[in-house]
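Trainee: Give the three-dimensional model of this entry:
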Amino acid sequence: MTNEQQSGQGTMEMILAGAVKLPGVQVDRSEFLAQQFAKYDTYGNMSTILERGPLEAGISLSVIDKLAKTLIEKRTILSTAASTAAGLPGGLAMAATIPADTLQFFGVAMRLSQELAYLYGGADLWQGNTPDSEQVSRELTLYLGVMFGVAGSAPMLRILNAPNSRQLLNEQTRQDLAQTMYYPLLKKISSYIGIKITKKTFAQGASKFIPVLGGLLSGGMTYFSMKPMGHRLREALYDACDHYSEAQLAQDRDKVQRAVADSEINVIEGEFFDLGFDSKPEPAATAAARPEQFSAADELLKFKQLLDMGAITQEEFDRKKSELLNS
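Mentor: Predicted structure coming up:
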């Protein structure tokens, strides 16, 4: 591993350690599932849902997936306001070397990843674990790898989270998989994300409170990034639960093996950091390729939602509206 990769891995570890301590990042699995499936407890099966997961309790995959989609929409909007608050003076306290908006962004992603995992039958991440435990760091790193599209992450997640994985893999095979693929892949994920942060976010100067405009940009970053990231994780979890077969397992093992063996750290669909963390002006050609994401109408909708939530004042909204309509 190069010095740059080692530095990136260290940065990612620092981000995880800081973001996991933010209020609301640690999700209470029982409380969350009880809220999500309250209306499906018509036959007194809530205890089974909490103990073994929604699928094992007889909740259909289509119902779970519908709840997951709704949750992503909800979290995207709510996290925009949270990110904006983090960027305001006097907002969230931050670690000495981590910008507040970066920390908040990862906190939101980590919360959403836990909620999605619990919907599809994931075990309680915090049962017997402390925020600084290796088990927590590994799970969250893999979730983030899938959300950011790091090659090999989604196949690895499907292998580990398929309800029938223990039938498809014996204990020795699972141990070999962990040593030869799982742990090396986690290092690649950490390096990739950490390097992107180091190059693009920290270059702007860490340990500074972000002014109001910075807070609004932080909210926009979350608004345009969190939704596709959430759906990427949702799709991987859905595929793991949708009659995952031995043939699919073999294909996924091959994908992970190739990703680990590749000397480069690749992504599946581009770099999500370019949506918000990049400190350099976006090339005109790139901006033109996705006008729907940055139209005045979308921007106005986003700021109207922030106004309705109380994250910004009417005066701030009117000023931003005037800027957008006159630009």
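
Trainee: Show me which parts of stretch 113-121 are buried, residue by residue.
Mentor: Under the neighbour-count criterion of 16 or more other Cβ atoms under 10 Å, stretch 113-121 has 113-121 buried. Where you see a C-beta, it was placed from the backbone N, CA and C, and this is true even at glycine.

Trainee: Alpha carbons of that stretch, in CSV - could you do that?
Mentor: Output in CSV follows, covering the C-alpha atoms of stretch 113-121 (Å, rounded to 0.1, in the frame of the first residue of the first chain):
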residue,chain,number,x,y,z
SER,A,113,-27.1,2.7,5.9
GLN,A,114,-28.0,1.2,9.2
GLU,A,115,-31.7,1.8,8.7
LEU,A,116,-31.7,0.2,5.3
ALA,A,117,-29.7,-2.8,6.6
TYR,A,118,-32.2,-3.3,9.4
LEU,A,119,-35.1,-3.2,7.0
TYR,A,120,-33.6,-6.1,5.0
GLY,A,121,-32.8,-8.2,8.0
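
Trainee: which outside residues touch it?
Mentor: 26-27, 29, 32-33, 36, 52-56, 64, 67-68, 71-72, 75, 122, 124-125, 139-140, 143-144, 147, 161, 163, 230, 233-234, 237-238, 240-241 (Cβ atoms under 8 Å, 6 or more residues apart in numbering).

Trainee: Which stretches in the stretch 1-150 of the chain count as helices?
Mentor: For the stretch 1-150 of the chain, the helices defined by DSSP state H, counting those that start in this stretch occupy 3-19, 29-36, 46-52, 61-87, 100-119, 134-147.

Trainee: Need the winner for burial among the ones you listed.
Mentor: Comparing the helices of the stretch 1-150 of the chain by mean neighbour count (mean count of other Cβ atoms under 10 Å), helix 100-119 comes out on top with a mean of 25.

Trainee: Could you check the angle that one makes with helix 29-36?
Mentor: Inter-element angle recorded for helix 100-119 and helix 29-36: 80 degrees (by axes from the mean of the first three to the mean of the last three Cα atoms, to 10 degrees).

Trainee: if we can go back for a sec, out of the helices of the stretch 1-150 of the chain, the one nearest N326 is which?
Mentor: helix 61-87 (22.3 Å; Cβ to Cβ).

Trainee: follow-up on the earlier one: tabulate the helices of the stretch 1-150 of the chain (TSV), appending mean pLDDT.
Mentor: TSV is the format used below for the helices of the stretch 1-150 of the chain (pLDDT from 0 to 100):
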stretch	mean pLDDT
helix 3-19	82
helix 29-36	95
helix 46-52	92
helix 61-87	76
helix 100-119	87
helix 134-147	94
